[in-house]
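[1] I'll drop the sequence and a predicted model, then ask my questions.
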Amino acid sequence: MNLPRFLAARFLRPEGAFLSFVTVAAAGGIALAVAVLVLVLSVANGFERALREEVLGAVPQLVVTGYGADPADYAPALAALPGIEGAEPFEELGALALVAEAGARTQSRPVQVLGIAPGAGALSGLSPKQREMLRPGTFGVFVGAELARGLALVPGHSLTLVVPNLRLTLAGAFPVQRTVTVLGLLETGTLLDGQTMLAHLDDVRALARRGGPRSLRLGVRDVLAVEEDRAQVEAALEALPEAGSGAFRFSDWRDRYGALFEAIAVQKKMLFLVLTLLVAMAAFNLIAMVLMAIRQQTSALAMLSSLGLGGAQLRAVFRWHGAFVAGGGIVAGVLGGLVLCAGAPVLVAWISELRGAPLMGAYFVHHLPVAPALGDCLAVAAVAGALAALAITLAARRADALAPQEVLRHE
């Protein structure tokens with residue numbers, strides 16, 4: 001039998017009510033700090049995953065723009081490259097959406113109009129039925145749900161798009177305007193819902209009034225490996241004899257969302273460091289708990305010491321005592337953090353429903369994304385265990401100062 005471990009387990013049931021409270025408070029403090037750290041890291045993981053899968057999955061991930069050559073001519077060859085999941089011609093155009101209201105008032109919103117080829121594939125995120133609704137020359141659009149709510153639009157309504165291209169007339173130069181019809185709404189649950197419209201490729205090109213550059217959007221299997229995919233696409237086009245040098249320009253999602261992705265990664269690291277201090281404070285509460293346990297059990301320890309229990313074994317008793325308390329707190333904290341991860345999105349959705357507006361409306365996703373990771377849970381448990389071990393070791397050394405003769409003399 002391991003005597004120090006047995007004694008430590010016995011000391012977990014102290015006679016003093018105050019010491020019992022201190023023991024529970026020490027374990028609860030560690031559990032709370034660990035649970036908060038697990039929740040925060042899981043939310044950071046969720047934002048990173050939401051950006052990668054929900055936002056980057058809906059925007060052009062890799063774009064090839066041709067000058068003097070149409071990259072759509074090479075779409076089959078590029079789509080066959082490793083890591084490339086599809087290739088579609090598309091056009092992107094910035095515009096101002098205008099909707100007339102009663103009383104001669106007009107609402108306006110800046111929008112990004114994406115032109116897609118309905119028969120090319122599914123990179124746009126539209127269903128086959130929705131893609132069939134896009135017909136050239138009809139100027140029908142699918143509008144983001146949040147944008148539609150802001151402009152009070154429903155399917156069948158009309159709005160005016162003002163394009164920053166000038167049209168010369170006898171009366172002077174005027175920006176290009178076109179009335180378009182809302183075919184349906186798009187809802188991705190991201191910031192794209194408040195700024196995006198989808199239209200037929202030919203209609204967008206007609207609005208843009210430019211027949212020169214042509215663009216091709218490529219879907220990639222792993223958005224984080226887009227640099228390697230971009231390099232192989234560049235190499236493939238340079239190897240084509242009909243594609244002259246410098247005829248193509250390349251861009252990818254990092255040009256628009258790279259800074260946001262890096263900010264999330266940096267924020268996660270900083271939150272881990274800051275909240276680790278909270279874990280450290282809770283861990284060092286164990287020092288007070290162990291010192292109080294030593295003080296309460298002084299008589300028993302003095303008797304055991306006089307019977308031959310050495311200083312190393314005395315320290316081991318309180319190391320085991322602290323380990324039981326810290327270990328229970330860490331396990332409870334990790335489990336509690338996972339429970340919070342499961343309940344937090346439900347709570348945020350419930351509050352959003354009560355408010356009648358998304359609580360996360362200011363973020364690039366309109367729900368609370370939570371993605372617990374086993375590696376993060378293990379890292380949090382390891383850091384909390386290391387800090388607790390340091391605090392327990394420092395406190396257990398106080399047992400060396402025990403003088404059994406002096407204690408027993410006063411008993």
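    Thanks, I have the structure now.
[2] tell me the phi and psi of residue 180?
    phi -120, psi 160 (degrees, to the nearest 10).
[3] residue 216 now?
    Dihedral pair for residue 216: phi -130, psi 130, per degrees, to the nearest 10.
[4] these two touch, right, it and residue 89?
    Yes: at 5.6 Å, residue 216 and residue 89 qualify as touching, with contact defined as Cβ atoms under 8 Å. (Each C-beta comes from the backbone N, C-alpha and C, glycine too.)
[5] which one of the two has more residues nearby?
    The neighbour comparison of residue 216 against residue 89 (other Cβ atoms under 10 Å) goes to residue 216, with 25 against 19.
[6] so what's that one bridging to?
    Note on residue 216: beta-bridge partners by DSSP bridges are residue 64, residue 89.
[7] quick one on the thing from earlier: now the common contact residues for residue 216 and residue 89.
    Here residue 216 and residue 89 share the contacting residues 71-72, 75, scored by Cβ atoms under 8 Å, 6 or more residues apart in numbering.
[8] same list (these) but as a markdown table, adding distance to residue 343 and neighbour count.
    Below are the shared contacts of residue 216 and residue 89 laid out as a markdown table (distance: Cβ to Cβ, whole Å; neighbours: other Cβ atoms under 10 Å):
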| residue | distance to residue 343 | neighbour count |
| --- | --- | --- |
| 71 | 48 | 27 |
| 72 | 48 | 20 |
| 75 | 46 | 20 |
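[9] which secondary structure elements does the helix or strand where residue 112 lies contact?
    Per DSSP states H and E, residue 112 falls inside strand 105-116. Judged by 3 or more Cβ pairs under 8 Å, 6 or more residues apart in numbering; DSSP states H and E, strand 105-116 is in contact with strand 84-101, helix 145-151, strand 196-200, helix 201-208.
[10] buried sites along the next helix or strand along the chain from it?
    For strand 105-116, the following helix or strand on the C-terminal side (DSSP H and E) is helix 128-133. Buried residues in helix 128-133, defined by neighbour count with 16 or more other Cβ atoms under 10 Å: 130-131, 133.
[11] export helix 128-133 to PDB, keeping only CA atoms.
    Taking only C-alpha atoms (Å, rounded to 0.1, in the frame of the first residue of the first chain), the coordinates of helix 128-133 have been written out as PDB:
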ATOM      1  CA  PRO A 128     -29.500  23.300 -59.900                       C
ATOM      2  CA  LYS A 129     -33.000  24.700 -59.900                       C
ATOM      3  CA  GLN A 130     -31.800  28.200 -58.900                       C
ATOM      4  CA  ARG A 131     -29.100  28.100 -61.600                       C
ATOM      5  CA  GLU A 132     -31.800  27.300 -64.200                       C
ATOM      6  CA  MET A 133     -33.700  30.500 -63.100                       C
END
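[12] understood, closing this out.
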